[in-house]
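K.L.:
fold the following and give me the result.
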Amino acid sequence: MAKIYENKMKVRDYECDSQGVVNNAIYLHYFEATRHELMEQCGLRLRDLTEANIIPVVRNVNINYRNSLRGSEEFVCTATAVREGVRYYFHQEITRIPDNTLCAKADIEVVCLVDGKVVMPEMFDKVFVDYLTWK
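P.N.:
Below is the predicted model:
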């Protein structure tokens with residue numbers, strides 16, 4: 001069973017819309033920030049990858065919004081991944097603290113480009129091994 005990566009965050013007031021809730025597009029930032037934190041915890045920095053012309057690219061995103069976050073609320077964004085062929089499918093959730101309310105779920109498909117071509121991402125398999133399952 002793959003481990004679940006957890007990233008604790010807090011809503012900043014400027015991320016809220018005129019109704020006082022987090023704008024729907026901001027959830028993409030939360031999900032991405034969590035994937036980047038996971039990469040760094042596993043020893044990869046996006047800056048180093050891009051300098052080596054290794055580019056993880058989001059191919060598809062599906063978000064199911066459940067409950068709204070509001071300014072100053074704390075939450076946990078989680079991530080696990082499934083590898084299927086050349087694709088990674090990150091399964092992510094955002095849960096409000098302290099009431100444990102599920103706010104959003106996402107399935108995010110990522111491929112890896114090396115020199116502009118989609119490649120098998122063995123390098124990521126090694127570093128994500130604790131958070132990854134294979135199909």
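K.L.:
excluding chain neighbours, what is closest to Arg45?
P.N.:
Met39 (7.2 Å; Cβ to Cβ, 6 or more residues apart in numbering). C-betas here are computed from N, CA, C, even on glycine.
K.L.:
separation between that neighbour and Asn23?
P.N.:
25 Å (Cβ to Cβ, to the nearest Å).
K.L.:
please name the bridge partners of the residue nearest to Val119 when sequence neighbours are not counted.
P.N.:
Leaving aside its sequence neighbours, Val119 sits nearest to Cys112 (Cβ to Cβ, 6+ apart; 5.8 Å). Applying DSSP bridges to Cys112 gives these bridge partners: Pro56.
K.L.:
for Cys112, give me its contacts.
P.N.:
Applying Cβ atoms under 8 Å, 6 or more residues apart in numbering, we find Cys112 in contact with Ile54, Ile55, Pro56, Val57, Val86, Val118, Val119, Pro121, Phe124.
K.L.:
what's the lowest-pLDDT member of those?
P.N.:
Across those, the smallest pLDDT goes to Pro121, namely 75.
K.L.:
in the least confident helix or strand in the chain by mean pLDDT, what's buried?
P.N.:
None of the helices or strands of the chain scores lower by mean pLDDT, DSSP states H and E than helix 122-127, at a mean of 87. Burial within helix 122-127, assessed by neighbour count using 16 or more other Cβ atoms under 10 Å, is assigned to Phe124, Val127.
K.L.:
which outside residues touch it?
P.N.:
Contacts for helix 122-127 (Cβ under 8 Å, 6+ apart): Met39, Cys42, Gly43, Leu44, Ile54, Pro56, Arg83, Tyr88, Cys112, Leu132.
K.L.:
equivalent analysis for stretch 80-87, please.
P.N.:
Outside stretch 80-87, the residues that reach it (Cβ under 8 Å, 6+ apart) are 2-5, 59, 88-92, 109-112, 118-121, 125, 128, 131-135.
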